[in-house]
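Undergrad: A structural model of the following input is requested.
(chains A and B)
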Amino acid sequence: MTTFEIALSVLGWLFILSGSFFAIVGAFGIWRFPDFWSRLHAASITDSAGVILLLVGMAIEAGLGLVTVKLVIIGVFLFITGPTATHAVANAALVSGLRPHEAPGLTGAEPDYQSDPDDS
Amino acid sequence: MRTIFTAVFLFALWLLMSGIYKPMIVGFGAVSVVLIMVVTRRMDAADGDRVQLDLKPLALIGYLAWLLVEIAKANWAVTRIVLSPKMPIRQHLFKVPFSQKTDLAQVLFANSITLTPGTISVESGPNDFLVHALAYCAEDNLALAEMDRHVSLTERRVTT
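TA: Residues are numbered from 1 along each chain as shown, chains lettered A, B, ... in the order given. Modelled structure (predicted):
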C-alpha cells in the first residue's frame, strides 16, 4: 500500500465515521424532541448529512468502479425521494388537522388553500 | 430519435447496474429494454403526459453545489439543537413566497427547503409555500428568499 492509498482510506473512514455520527444524532433527536413536527427535523439530519457522508465515504473506499456508479445512483435517488417522503408525511399531518406547538409570541400561518387528500 | 436515445440510456443503465456480462444476463437486459419501450409507448398513447425539463444544466450543477453548503450549515445548526441540554426549539409555521414559473423549479425549491434540516415545506399554494421551521428566527425569511433567488437562476426563461 502506498502512502496515497493509506491517506485515501483514512479519508474514506473519516467520512463514514462522521456520517455514522450524524445518523446517530438524528436518531437521538427523534427520541429526545417533544412532538411530531420537531421529530421530523431530527429525522432529516439522518436523511441528509448521514446519507451524504456515508455514501461519499463508501465511494472513496470502493474506488472508481461499478460500485461507485451504483452509490451515485442511490445518492441521486435518495436526494429526490427523501424530501418528497418527508413532505408527504408532513402534509398528511397538516391535512388531518395537526398543528405544531408554536413558540411563545408567534402565531402560525393557516393554509388558505388545502390540497384535497383524495386528489393526486 | 427519442426512442433510440431512451433505449440506449436504459441499456447502459442495465450494464452499469448488473456488472455481469454473460450472454444470458445481457440478453435479459435487452429483453427488458424492449419490454419497457413497448409499455411506455402504450402508456404514451393513453395519456401523452410529458415532463418538461425547463432547467439550465450548468446553473443546476452550480445550484446543487451551493445547496450542499447550505445543507452542511443547516445540519450543524440542528445537530447543536439536538445535543444542547436546553434544546432551544422555536417552532413556527409560516409562508414563503416563491418566484418560479415552472412546476419543476417549484418542486426543486420545495424539495430544497425540506432537504435542509430545520425547515420543511408542508403545503403549496398558488404563490407561496407553507413552511415549518424548527428554530424560527427572523433571518429564516431572508435565507429562504435567497434560496428562492438561487432556484430561479436555474430556471430556463419560458417565452410567454
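
Undergrad: alpha carbons only for contacts and neighbour counts from here, please
TA: Will do.

Undergrad: Would you mind extracting the C-alpha trace of the host helix or strand of residue B:15 into CSV?
TA: Assigned by DSSP states H and E, residue B:15 belongs to helix B:2-18. These are the backbone C-alpha positions of helix B:2-18, laid out as CSV (Å, rounded to 0.1, in the frame of the first residue of the first chain):
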residue,chain,number,x,y,z
ARG,B,2,-36.1,10.0,-28.8
THR,B,3,-36.8,6.2,-28.9
ILE,B,4,-33.3,5.3,-29.8
PHE,B,5,-31.8,7.6,-27.1
THR,B,6,-34.1,6.1,-24.4
ALA,B,7,-33.3,2.5,-25.4
VAL,B,8,-29.5,3.2,-25.3
PHE,B,9,-29.8,5.0,-22.0
LEU,B,10,-31.8,2.1,-20.4
PHE,B,11,-29.4,-0.5,-21.7
ALA,B,12,-26.4,1.5,-20.5
LEU,B,13,-28.1,1.6,-17.1
TRP,B,14,-28.6,-2.1,-17.1
LEU,B,15,-25.0,-2.8,-18.0
LEU,B,16,-23.8,-0.4,-15.2
MET,B,17,-26.1,-1.9,-12.6
SER,B,18,-25.6,-5.6,-13.4
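
Undergrad: who's in contact with the residue nearest to residue A:46 when sequence neighbours are not counted?
TA: Nearest-residue entry for residue A:46: residue A:23, 4.4 Å, with adjacent residues in sequence omitted and distances by C-alpha to C-alpha, 6 or more residues apart in numbering or on different chains. Residues touching residue A:23, when contacts are defined by C-alpha atoms under 8 Å, 6 or more residues apart in numbering or on different chains, comprise A:45-47, A:49-51.

Undergrad: Which strands and helices lie in contact with the one helix or strand residue B:64 maps to?
TA: Under the criterion of DSSP H and E, residue B:64 resides in helix B:57-83. Packing contacts for helix B:57-83, counted by 3 or more C-alpha pairs under 8 Å, 6 or more residues apart in numbering or on different chains; DSSP states H and E, involve helix A:3-32, helix A:36-45, helix B:139-153.

Undergrad: can the helix or strand harbouring residue A:83 be found next to chain B?
TA: With elements delineated by DSSP H and E, residue A:83 resides in helix A:66-95, which encompasses its position. Yes. Helix A:66-95 comes into contact with chain B (C-alpha under 8 Å from any C-alpha of the partner chain), by way of A:66, A:69-70, A:79-80, A:82-84, A:86-87, A:90-91, A:94.
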